[in-house]
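Asker: Below are the sequence and a predicted model; questions follow.
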Amino acid sequence: MNSKEATVPDKVATSFETFIKDYVGYCNNRNYVAAWNLISEDCKKNFFENDYNSYVKYVQKKFDGNTKRYAIQDYSNVNGKYIYNVKIFNDFLATGLTNQSFVFQEEKMLVSYDEDKNIVVSVGNYMGSQDLNYMASNDYMIVKVTESIEKYSYIVYKLEFINRSNYTIVVKDNMTGDMEVGMAIGNETRATSDDAVKIVLEPGKSQTVMLSFAKFYDSNTKPKGIILNSVRVMENYTGDPENVQAEIDNAVDKFGMTVGF
Amino acid sequence: MARKNKKNLKKIIIIVSIILVILVALLIVLVNNNSSSGAQTEKAKINYSNKKEQEKLQDLYEKSESQRMETYCADFFKLIDDDNYGEAYKLLYSDYKENYFPTLENFKRYFEDYFPKDFGLSYTNIERLGDIYVLTVNVKDTVNGSYGHSFDMYVVIKETKLNEYVISFSRNSAVEEE
């Protein structure tokens, strides 16, 4: 996508590119401690759960224990943070890809300054996370959006649903044939890519889910909210596909709801 | 009488001398002309070669990255097609050459054994990875068509500067190394 629209300004390009080369070089040379020290605190915490061993496993999987070639390309920038596209591959020139498949690793890395003005990097397409405090409610339930986690090509929202009624509330069971949960962005609504997730609230119970939606981190279009299109309030709910229509017809109430941002 | 004969002889000597001088002068002019024409031919040849090279560089300069890579690939296989294995061998990347074709004879035999006698190339994909390009190339037997030996292969190219590059390709390991 917009790789040419907003690349790294010349004045910061040199230091950032040197930094990225250093980082990838440390990974390539199995100097994991030095590489870990360059990871942003946010990425350490939210992508690797502050677990150094998990980070080492991640890097070893990327580099599969061999010395690799790599290519770094500046890609775009967003609010003072710079995105690089990094490709990691075997020495194809030395083998001509003899007896090999043409596969390579590719990921976006985000380079920025931390609070102390040190250059830091987020890896694995992880772009950042944010605490949120959005809420919508009615007589039946409360919906809270409490966190967003951004990867380069999608965003994940943490949603908490609280059933304040004595009925079963079905928000998403993938049985209506409609887009049950969507993200409003620009002039469109995008369905969640987490098809398997079901949101069915027993009376008085709550449920927290993580839902992903397609969205490029460097897109200028901002999400407007989460839309619940077909919430059903039911006295009896079996979840049996054969009873779906009958149960919907007998629902105590049906409504849509939006948690605006 | 004797005096008259002596006078005639003197005249003849003078005339012969003049003719000799003229002949020598003509010879010198001819020799000079010949050597100058040879030099000019050589110079013209060099100019022609430089001009062709300049045109080739200009042509490459105006091409996109992928078109340049296709040109390099085509040039490499044209050398093979022309039985100019030595020149093609020089273009191989050194580590690759060492690992897969340690001698020119290996290289030549591989093409004689594995490649169709007459072949055409088509490019199905080009991917850039930093300073190398990976081309997916289809090799087609142009004489025997679908009955002949056609196959896909990878060609990897690193361009060092315009019209200068090193190359490697996926060697079919089923073909015996000798």
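Answerer: That came in fine, so what should we check first? Numbers count the residues shown, from 1 in each chain, chains lettered A, B, ... in the order given.

Asker: Quick check: what element follows whichever strand or helix holds A:Met210 along the chain?
Answerer: Assigning secondary structure by DSSP states H and E places A:Met210 in strand A:206-214. With elements assigned by DSSP H and E, the helix or strand that comes after strand A:206-214 is strand A:223-234.

Asker: And that next one, what does it pack against?
Answerer: strand A:141-151, strand A:154-163, strand A:168-172, strand A:181-185, helix A:244-249, strand A:253-260 (3 or more Cβ pairs under 8 Å, 6 or more residues apart in numbering or on different chains; DSSP states H and E). Where C-beta positions appear, they are placed from N, C-alpha and C, glycine not excepted.

Asker: what angle separates it from strand A:253-260?
Answerer: Counting by axes from the mean of the first three to the mean of the last three Cα atoms, to 10 degrees, strand A:223-234 points 160 degrees away from the direction of strand A:253-260.

Asker: Pairing partners for strand A:223-234, with directions?
Answerer: If you go by DSSP bridges, strand A:223-234 pairs up with strand A:168-172 (antiparallel), strand A:181-185 (antiparallel), strand A:253-260 (antiparallel).

Asker: and chain A, which residues reach chain B?
Answerer: A:69-72, A:87, A:89, A:91-100, A:102, A:104 (Cβ under 8 Å from any Cβ of the partner chain).

Asker: Separate out the buried members of those residues.
Answerer: For the residues of chain A next to chain B, a burial check counting by 16 or more other Cβ atoms under 10 Å in any protein chain shown picks out A:69-72, A:87, A:89, A:91-98, A:102, A:104.

Asker: mind checking pLDDT for the residue of chain A found nearest chain B?
Answerer: Per Cβ to the nearest Cβ, A:Ala71 is where chain A lies closest to chain B, at 2.9 Å. A:Ala71 carries a pLDDT value of 92.

Asker: Provide the secondary structure category for it.
Answerer: strand (DSSP: H, G, I helix; E, B strand; the rest coil).

Asker: Report the beta-bridge partners for it.
Answerer: A:Lys87.

Asker: what's the closest of the helices and strands packed on strand A:223-234 to A:Thr221?
Answerer: Among the helices and strands packed on strand A:223-234, the nearest to A:Thr221 by Cβ to Cβ is strand A:181-185 (5.6 Å).

Asker: Would you map the strands across chain B?
Answerer: Counting by DSSP state E, chain B has strands at residues B:119-129, B:132-141, B:151-161, B:164-169.

Asker: ok, residues contacting the first one?
Answerer: Contacting residues not belonging to strand B:119-129 are listed as A:69, A:71, A:87, A:89, A:92, A:102, A:104, B:65-66, B:69-70, B:73-74, B:77, B:81, B:133-142, B:152 [Cβ atoms under 8 Å, 6 or more residues apart in numbering or on different chains].

Asker: again, 7 Å this time
Answerer: Applying Cβ atoms under 7 Å, 6 or more residues apart in numbering or on different chains, the external contacts of strand B:119-129 come out as A:71, A:87, A:89, A:104, B:65-66, B:69-70, B:73-74, B:77, B:133-142.

Asker: Could you tell me which strands sit next to it in the sheet, and their orientation?
Answerer: Assessed with DSSP bridges, strand B:119-129 is paired to strand B:132-141 (antiparallel).

Asker: Show me how far the partner strand is from its chain's centre.
Answerer: Its chain's C-alpha centre lies 23 Å from the corresponding centre of strand B:132-141 when counted by Cα atoms, centre = their mean, to the nearest Å.

Asker: got it, and stretch A:60-75?
Answerer: 22 Å.

Asker: returning to what we had before: now for the strands of chain B, which one comes closest to B:Ala88?
Answerer: Here strand B:164-169 is closest among these (Cβ to Cβ), at 8.6 Å.

Asker: contacting residues for the residue nearest to B:Leu91 when sequence neighbours are not counted?
Answerer: Using Cβ to Cβ, 6 or more residues apart in numbering or on different chains and skipping residues adjacent in sequence, the residue nearest B:Leu91 is B:Ile167, 5.1 Å away. By Cβ under 7 Å, 6+ apart, the residues touching B:Ile167 are B:76, B:91-93, B:155-157.

Asker: Highest neighbour count among the residues you listed?
Answerer: For the contacts of B:Ile167, the largest neighbour count, defined by other Cβ atoms under 10 Å in any protein chain shown, is 26 neighbours, found at B:Val156.

Asker: which residues does that residue contact?
Answerer: By Cβ under 7 Å, 6+ apart, B:Val156 lies in contact with A:92-93, A:96-97, B:132, B:134, B:167-169.

Asker: 10 Å - rerun?
Answerer: A:91-97, A:102, B:69, B:73, B:93, B:96, B:129, B:132-135, B:166-170 (Cβ atoms under 10 Å, 6 or more residues apart in numbering or on different chains).

Asker: go on, A:Leu132?
Answerer: A:144-148, A:157-159, A:259, A:261.

Asker: Any of these buried? List them.
Answerer: A:144-145, A:147-148, A:157-159, A:259, A:261.

Asker: Return the residues of chain B in contact with chain A.
Answerer: Within chain B, the residues that sit near chain A (Cβ under 10 Å from any Cβ of the partner chain) are B:92-101, B:125, B:127-134, B:136, B:153-158, B:166-173.

Asker: next SSE after the lengthiest helix in chain A?
Answerer: Secondary structure of chain A per DSSP state H: the longest helix is helix A:10-28. Next along the chain after helix A:10-28, taking DSSP H and E as the criterion, comes helix A:32-36.

Asker: and that following helix, which residues are buried?
Answerer: Those would be A:32, A:35-36, for helix A:32-36 by 16+ other Cβ under 10 Å.

Asker: Quick one: low-confidence residue ranges for chain B.
Answerer: For chain B, the stretches with pLDDT under 70 are B:1-4, B:31-46, B:173-178.

Asker: and with 90 instead?
Answerer: Counting by pLDDT under 90, chain B contains low-confidence ranges at B:1-56, B:59, B:114-118, B:141-151, B:172-178.

Asker: In it, which residue sits closest to chain A?
Answerer: B:Gly130 (2.9 Å).

Asker: show me what contacts residue 63?
Answerer: Just so you know, I chose chain A. Contacts of A:Phe63 by Cβ under 10 Å, 6+ apart are A:24, A:27-30, A:70, A:88, A:105.

Asker: ah, I was thinking of chain B
Answerer: Neighbours of B:Lys63 in contact, by Cβ under 10 Å, 6+ apart: B:69-71, B:162.
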